[in-house]
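> Sequence and predicted structure are below.
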Amino acid sequence: MTDTLHYEIVSPERLLKDAEAAMIVVPGADGDFAALPDHSPMMSTIRPGVVEIFESEGATPERLFVKGGLAQISPEGLTILAEETIALDSVDTGELTQKISDTREDIEDAKDDVERARLEKELAWMVALADVVAA
């Protein structure tokens, strides 16, 4: 058994991370799960939330917000295909609060179900991010 797990975090624009970690906690669609060395293969969609990367056992985790995406654990390690990532220290809470308010108004004014669904998805990640930043 190895002590670390190889992982990659990829966004549509570029490879964000390619490193080793002791454990990575992923916000799966059915609940958070921890990817560990020698983990059984699996695949999961990712809900908006925080990926926590523990470089070593007991270390303070690096935290990265993801809007959503896919996670795959294979014998080679963990790959996260993130729709978009946001550094938590770069969030302007005032601007985020205003965007949430504006999106709620836009949902009420949506012309059809397709537009409403798109706006509700946007609202979901913004509310999740606001919850994380407020904690």
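Cool, got the structure.
> how about the longest helix seen in the chain: buried residues?
Counting by DSSP state H, the longest helix found in the chain is helix 113-134. By neighbour count on 16 or more other Cβ atoms under 10 Å, the buried set for helix 113-134 is Leu119, Glu122, Leu123, Trp125, Met126, Ala128, Leu129, Ala130, Val132, Val133. No exception for glycine: its C-beta is placed from N, CA and C like everyone else's.
> Let me see the residues that make contact with it.
Residues from elsewhere that reach helix 113-134 (Cβ atoms under 8 Å, 6 or more residues apart in numbering): 47-50, 65, 67-68, 86, 88, 91, 93, 96-97, 99-100, 103-104, 106-107, 110.
> Give me the subset of the residues you listed that lies in strands.
Counted as lying in strands by DSSP state E, out of the contacts of helix 113-134, are Gly49, Val50, Phe65, Ile86.
> residues touching Val26, list them.
Val26 neighbours (Cβ under 8 Å, 6+ apart): Asp32, Phe33, Ala34, Ala35, Ser44, Ile46, Val51, Ala71, Leu78, Ile80.
> How about Ile86?
Leu64, Phe65, Val66, Lys67, Leu129.
> give the contact list for Leu15.
Contacts for Leu15 (Cβ under 8 Å, 6+ apart) come out as Glu8, Ile9.
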